[in-house]
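Enquirer: Below are the sequence and a predicted model for it; my questions follow.
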Amino acid sequence: MAGTATSTGSGTADDPWRLRTPPLSSEYTMHLDTRDGVDVIVCTVGKTVLLYDARCLDDLHAMLTARGDWVELGSADEQKPAKDGTVEAWARSPENPLGGWYGRKKGLRGRFGMYVPPLMEHLGRAELEHNPRNNRMRAI
């Protein structure tokens, strides 16, 4: 997989999506699950488990479609501010369809712009850049 955006898996706990971060520098997995009655995407990076509300896939695609152009990812940890106008800032904004954070684990709600865009690309819903830094995405 090194050097490509290729990913595998079907998105179940037994066969998770195996993805690479936008710069293609790190591998991680994602799968769909239900936690506390909410459909979530479980993102496992090493031993760290992050949760994102599964609505983010449709909501992010709608936002990208409405913008109609490339949008910077702007990934940042929860404790750091997100750059205005980025996918990360949108995923935290009270103005998004969820009305706030798509990340569901307090303290680990950030990094949306790092981990969700490759899944969108894998699902054929977005085009994603794979530069060492400052990557962008747009709807397909």
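Expert: It's in. Numbers count the residues shown, from 1 in each chain.

Enquirer: Could you find the closest non-adjacent residue to Arg20?
Expert: Spatial nearest neighbour of Arg20, excluding adjacent residues (C-beta to C-beta, 6 or more residues apart in numbering): Glu27 at 5.6 Å. For every residue, glycine as well, the C-beta is placed using N, CA and C.

Enquirer: Return the list of strands paired to the one helix or strand Asp39 maps to, each annotated with direction.
Expert: With secondary structure defined by DSSP states H and E, Asp39 is part of strand 38-45. If you go by DSSP bridges, strand 38-45 pairs up with strand 27-35 (antiparallel), strand 48-53 (antiparallel).

Enquirer: Let me see the residues that make contact with the longest one.
Expert: Contact with strand 27-35 is made by 1, 9, 11-13, 15-21, 39-46, 51, 54, 104, 115, 119, as judged by C-beta atoms under 8 Å, 6 or more residues apart in numbering.

Enquirer: For that strand, what is the distance to the chain centroid?
Expert: On the basis of C-alpha atoms, centre = their mean, to the nearest Å, strand 27-35 sits 11 Å off its chain's mean C-alpha point.

Enquirer: so what's the residue positioned nearest the centre of the chain up against?
Expert: Closest to where the C-alpha atoms of the chain average out (C-alpha atoms, centre = their mean) is Val116, at 1.2 Å. Residues in contact with Val116 (C-beta under 8 Å, 6+ apart) are Ile41, Tyr52, Cys56, Leu57, Leu60, Val87, Ala91, Tyr102.
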